[in-house]
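Enquirer: this one's sequence-less:
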Ligand SMILES: [Cu+2]
């Protein structure tokens, strides 16, 4: 039986997203009669009760605690903030040109999890009346940028390499964290509040479908995409029993 312990925060250290370098550079082509993949990612196991994280600074603005958003599961098991990536695609629809956004709002990074394409502009915004900063580190280690954001300011950054980027706020806002998955193609999605996702305009073919969750880790499966058809999938994360000894 799966227990609360199996998914508790300390039992599962941050699981890093691994990018396997591709020998094929991604090419933008016109996709006619592409197919789509849609579905839902669900959590199978006892759902732990919501928890909060303590606030040590700017309590007048941020409050005394904030919700821990590292594991968000709805009443039907729908798992939010799972990154879904199509693997093995080397040509397809164009990259998004509109800027992505990472806001600092109510002392939280919004969104907590997002994907972005290499070269796509990312707007870094502070919507609070206090100072935040955005410290982005590749795989949580090597600093990519570390920018102070006075209130109501905005800066722009473009990532040059695929991979996982962990974002913290270094002004003693220890509870603030975000994850950005950078890819060299635009066939990605992040699950919504019900765990649902949709990836469209895919050239027909056989692909891998990779899932990544900040606490539950990574899994892959194969998927077929047919001309002008929707492939529906249901994917499950099972709470892991290992790794929680002594907790
Ligand atoms: Cu902050």
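Expert: Noted; the coordinates are in hand. Every value quoted in this text rests on a predicted model; they were computed, and no experiment measured them.
Enquirer: Tell me the confidence at the most centrally placed residue in the chain?
Expert: In the chain, the residue lying closest to the centroid (C-alpha atoms, centre = their mean) is residue 113, at 3.3 Å. Residue 113 is assigned 98 on the pLDDT scale.
Enquirer: now for stretch 81-89, what's the gap between its first and last residues?
Expert: Start and end residues of stretch 81-89 are separated by 22 Å (C-alpha to C-alpha, to the nearest Å).
Enquirer: ugh, wrong one, stretch 58-76
Expert: Stretch 58-76: ends 36 Å apart by C-alpha to C-alpha.
Enquirer: Can you give me the buried ones in it?
Expert: By neighbour count on 16 or more other C-beta atoms under 10 Å, the buried set for stretch 58-76 is 58, 62, 66, 69-73. C-beta here means a position set from N, CA and C on the backbone, and glycine is covered the same way.
Enquirer: Mind putting the residues you listed into JSON lines with distance to residue 233?
Expert: JSON lines is the format used below for the buried residues of stretch 58-76 (distance: C-beta to C-beta, whole Å):
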{"residue": "58", "distance to residue 233": "42"}
{"residue": "62", "distance to residue 233": "39"}
{"residue": "66", "distance to residue 233": "33"}
{"residue": "69", "distance to residue 233": "25"}
{"residue": "70", "distance to residue 233": "24"}
{"residue": "71", "distance to residue 233": "21"}
{"residue": "72", "distance to residue 233": "20"}
{"residue": "73", "distance to residue 233": "19"}
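Enquirer: closest to residue 186 among the residues you listed?
Expert: Of all the buried residues of stretch 58-76, residue 186 sits closest to residue 72, with 24.6 Å by C-beta to C-beta.
Enquirer: now that closest one, nearest residue through space, not along the chain?
Expert: residue 80 (4.0 Å; C-beta to C-beta, 6 or more residues apart in numbering).
Enquirer: what does the protein have sitting close to the ion?
Expert: 132, 169, 173, 176 (C-beta under 5 Å from the ion).
Enquirer: which of these has the most neighbours?
Expert: residue 132 (27 neighbours; other C-beta atoms under 10 Å).
Enquirer: now that one, nearest residue through space, not along the chain?
Expert: residue 104 (4.0 Å).
Enquirer: can I assume that neighbour sits in a helix?
Expert: No: Residue 104 is assigned strand when assessed by DSSP: H, G, I helix; E, B strand; the rest coil, not a helix.
Enquirer: Give me the phi and psi for the residue nearest to residue 72.
Expert: Main-chain dihedrals, residue 80, degrees, to the nearest 10: phi -90, psi 160.
Enquirer: where's it relative to residue 236, distance?
Expert: With distances taken as C-beta to C-beta, to the nearest Å, residue 80 is found 15 Å from residue 236.
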